[in-house]
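Q: give me a model of this one.
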Amino acid sequence: MVRKTLKAITAKISGLHEAAFWLAGFSIFSQVLAFLRDRLLAHYFGAGQALDIYYTAFRIPDFIFVTAGSLVSISVLVPMFSKKAVDGNSDEVKSFVNSIFTSFSILIVASCLLAFVFMPQIIPFLFRGFDTETLTQIIKLSRILLLSPLLLGFSNFFSSIVQYEKRFLLYSLSPLLYNVGIIVGTFLGANNFGVMAVVFGVILGAILHLATQAGYVIFSGNSPKLTTKINLKEVKETALISIPRALALSVTQIINIVFTTVASFFGIGAVAVFNLALNLQSVPLSIVGASYSLAAFPTLSEHFAKKNIKECGRYISESLRYMIFWTLPLSALFIILRTHIVRVVLGSGAFDWTDTKLTAAVMSIFALSFVFQSIQLFLTRAHYALNKTRVPLLLGFLGAFITIILAYLLYFDFLSPLVVWFEKFLEIENVTGSKIIILPMSFSLGAMFTSIGLWFFLDKETKYIAKEGVFKAFVNVSFASAVIGLVTFYSLRIFDNFFTLDSLPNVFGHAFISGMVGILAGIVVLYFIKNKELKEVITKFR
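A: Okay, the predicted model is just below:
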C-alpha cells in the first residue's frame, strides 16, 4: 500500500489539463490549510501588534528567498535542463547541476549571514512607523526567520529537478507540509510562547518542504553534489538568464517592503490586515494562475527548445482562456461575498468586527485584479520559456514604480475622491484605519499595467497564434461574471430571512447557497452563448 502510494505521488504527468487539474486540486487543499493557518493566527492574535511584528519580520527573509532563491527556480533551471538534455549527454547534465548547486549554496549562505549581521541597521531604516520596542522584536524574529530562505532556497533547487521530470504531484506536496508546520507550531505554542511559536512553526514547515523534494531526488539517484570543479561558463550562462528573473521577482518584495513601511504609519493592526487580505486574495492566483503556469511551463520550454512555435502559441492561448474562465467569476464572488469569506476564514477569537470589515474591503479591491495577476504570472513564465528575460524585468520594475507612485499619491490625498468613493462603496468610511485600501488599489492598477505590457511584448509570431479566442473568452466570461455577481447579491438579500448570521455554519450557509445560485446563473448564461471553455471543461472532467 505504501509503495503504491509513493509510486502514485511520484508518477509522471504530461498532459496540460491533467497536470493543471492535479496542481489545482493540491493547491485547493493547500489553501484550505492556509485558511486554517490564518484562522489560528487571527484567533490567537487578532489584527494587532503581534501579527504586525510577525509579518514585518518576514520582509527581509522573503526578499532574500525571492532574489537569491529564484536564481535556481523552476522558471530558470527547467529550460536549461531541457536545452542540456537536447544538446548534450547525461554526464554534461550532471556536471551542470553540480556547478549550479555549488554556486547557489555559497550565495544563499553568504546572503543570510550578511542579513543576520546587519539586521539591526536594516529594520529601523525601513520601518520607521514602529516604536523602538516593536523594532527590537522585529529584528529578533527576522534573524530567526533567515533559516526559512536557506531551507526553501535549497528546496527550490530540488523542486526544479522534480518539475523537469514532470512529477507534479510530488511537487505539490511541499506547500501542504509547509502550512502543516506553521499550524502545528501555532496550535501547540501560541498560548504559551506567543508569536515566537508561529516563527518556529515556519522553520518546521520549511524543513518539511525541503525534505519532500530532496528525498525524492536523493533516492532517485539524481542528487546534486558540491564540487570544486565549477564550470564558470555554465554558471555565467545560467546567471545571465536567472539574474533578470531574480530582479523581476524582487519587484514584488520591494512593493511589499514599501507597503509595509506605509502601513506601519496607519496604526496598530494595519500591517496584519493587509497581509491577511493578501493571503486570502492569493487563493485564485494559486489555484488558477499558478496551476496553469506550472503545468504549461515544462511543455512550453520543450516546444521552444525544439523550435515548435505553433505549439507554444497554442499552449499560451489555451492557458489564457482558462485563466479568464476561472478568475473573472471568482472576482465577482469575492467582491460580493467579501464579508462572509473573511468571517468564515478568520472570524474567531481576537479577530473582531472592525478587523473583519477592513480585511474584507482590502481583499475585495485585490479581487478586481485576479485575472490580471494570474495572466501576469503566466505570461512572465511564458517569456522565460521563450528565453525572453529582459521584458519581464523591465515591465516588472516599471509596474512596481507605478504601483509605489500611486500608493504615495493616494497616501498624500492627491486622489482622495477615488479613495472616498471606495470607502463608501465598501461601507468602511467611518472605520478607523480605512485608508489601508490605498495599498490594494495601487497594487491592482500596477498588476493591470504589467500584464497588458507582457502581452504586448510577447513574441510576435507566438502571439499571432496565442491570441486566438482570447478576446471572445474575455467578453463572454465578463458578461457571465456580471450575472454571477448580481444574482449572488440579490440571493443574499432573499436568504437573509433564513439565516441568522451569528454563527460560523449560518454565515457559511448563507454565502454558500447565495454563491451557488449565482454560479448556476453564470453557467446557464455561458451555456446559452455556447461558451467554448465551458464545453471543454465539462469534457475534461468527464
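Q: show me how far whichever strand or helix holds residue 119 is from its chain's centre.
A: For residue 119, the element it lies in under DSSP states H and E is helix 90-126. Distance of helix 90-126 from the chain centroid (Cα atoms, centre = their mean, to the nearest Å) equals 23 Å.
Q: now it: mean pLDDT?
A: With pLDDT averaged residue by residue, helix 90-126 scores 86.
Q: right, and the helix or strand after it?
A: Using DSSP H and E, the first helix or strand after helix 90-126 is helix 132-145.
Q: contacting residues around that next one?
A: Outside of helix 132-145, the residues within contact range by Cβ atoms under 8 Å, 6 or more residues apart in numbering are 49, 52-54, 56-61, 115-116, 119-120, 123-124, 127, 130, 195-196, 199-200, 202-203. Every residue, glycine included, has its C-beta placed from N, CA and C.
Q: what subset of these is buried?
A: The neighbour count (16 or more other Cβ atoms under 10 Å) marks 49, 52-54, 56-61, 115, 119, 123, 127, 130, 195-196, 199-200, 202-203 as buried among the contacts of helix 132-145.
Q: narrow those to those in strands?
A: Per DSSP state E, strands hold no members of these.
Q: okay, now the unreliable bits of the stretch 51-200 of the chain?
A: 70-93, 163-170 (pLDDT under 70).
Q: ok, 80 please
A: 68-97, 100, 159-174 (pLDDT under 80).
Q: and the stretch 201-350 of the chain, by the same measure?
A: 215-249, 283-309, 311.
Q: CA atoms only: put the strand or helix carrying residue 360 into PDB for me.
A: Assigned by DSSP H and E, residue 360 falls within helix 353-367. Presented in PDB, the C-alpha positions along helix 353-367 are these (Å, rounded to 0.1, in the frame of the first residue of the first chain):
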ATOM      1  CA  TRP A 353     -15.900  43.000  13.500                       C
ATOM      2  CA  THR A 354     -13.600  46.000  12.700                       C
ATOM      3  CA  ASP A 355     -10.900  43.700  11.700                       C
ATOM      4  CA  THR A 356     -13.400  41.800   9.500                       C
ATOM      5  CA  LYS A 357     -14.700  44.900   7.700                       C
ATOM      6  CA  LEU A 358     -11.200  46.300   6.900                       C
ATOM      7  CA  THR A 359      -9.800  42.900   5.800                       C
ATOM      8  CA  ALA A 360     -12.900  42.300   3.600                       C
ATOM      9  CA  ALA A 361     -12.500  45.700   2.000                       C
ATOM     10  CA  VAL A 362      -8.800  45.200   1.200                       C
ATOM     11  CA  MET A 363      -9.500  41.700  -0.200                       C
ATOM     12  CA  SER A 364     -12.300  42.900  -2.500                       C
ATOM     13  CA  ILE A 365     -10.100  45.500  -4.100                       C
ATOM     14  CA  PHE A 366      -7.400  42.900  -4.700                       C
ATOM     15  CA  ALA A 367     -10.200  40.800  -6.300                       C
END
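Q: what helices and strands are in contact with that helix?
A: helix 270-284, helix 309-336, helix 338-346, helix 438-456 (3 or more Cβ pairs under 8 Å, 6 or more residues apart in numbering; DSSP states H and E).
Q: the inter-axis angle of whichever helix or strand residue 393 is part of versus helix 438-456?
A: Assignment of secondary structure by DSSP H and E places residue 393 within helix 390-411. Using axes from the mean of the first three to the mean of the last three Cα atoms, to 10 degrees, one finds that helix 390-411 and helix 438-456 are set 150 degrees apart in direction.
Q: avg pLDDT for helix 390-411?
A: On average, helix 390-411 scores 88.
Q: in terms of helices and strands, where is residue 257?
A: Counting by DSSP H and E, residue 257 is part of helix 232-263.
Q: so for that helix, what gets flagged as buried?
A: 234-235, 238-239, 241-263.
Q: same question, stretch 495-507
A: Buried residues in stretch 495-507 (16+ other Cβ under 10 Å): 499, 507.
Q: show the end-to-end separation of that stretch, please.
A: One end of stretch 495-507 to the other measures 11 Å (Cα to Cα, to the nearest Å).
Q: how many neighbours does residue 175 have?
A: 21 (other Cβ atoms under 10 Å).
Q: wait, it touches residue 30, no?
A: Yes: assessed by Cβ atoms under 8 Å, residue 175 is found in contact with residue 30 at 4.5 Å.
Q: ok, residues contacting stretch 397-404?
A: 247-248, 251-252, 254-255, 258, 442-443, 445-447, 449-450, 453.
Q: ah, wrong one, I meant stretch 424-441
A: Here stretch 424-441 has contacts from 259, 262-263, 266-267, 269-270, 273-274, 277, 281, 338, 354, 357-358, 360-366, 406-407, 410-411, 418-420, 422-423, using Cβ under 8 Å, 6+ apart.
Q: in it, what's buried?
A: 426, 428, 431, 433-441.
Q: what of stretch 118-138?
A: So stretch 118-138, judged by 16+ other Cβ under 10 Å, has buried residues 119, 122-123, 126-127, 129-130, 134-135, 137-138.
Q: want to throw those into TSV with distance to residue 328?
A: Output for these, formatted as TSV (distance: Cβ to Cβ, whole Å):
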residue	distance to residue 328
119	42
122	40
123	40
126	36
127	36
129	36
130	39
134	40
135	42
137	42
138	38
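Q: and these, which two are furthest apart?
A: Taking Cβ to Cβ as the measure, the buried residues of stretch 118-138 span a maximum distance of 17.9 Å, between 119 and 129.
Q: contacting residues for residue 285?
A: Residue 285 neighbours (Cβ under 8 Å, 6+ apart): 370, 373-374, 377.
Q: of these - the most surrounded one?
A: In the contacts of residue 285, the most neighbours by other Cβ under 10 Å go to residue 374, 31 neighbours.
Q: which residue sits closest to it in space, ignoring its chain neighbours?
A: residue 289 (3.0 Å; Cβ to Cβ, 6 or more residues apart in numbering).
Q: so what's that neighbour up against?
A: Per Cβ under 8 Å, 6+ apart, neighbours of residue 289: 323, 327, 373-375, 377-378.
Q: any idea how far residue 497 is from it?
A: 38 Å (Cβ to Cβ, to the nearest Å).
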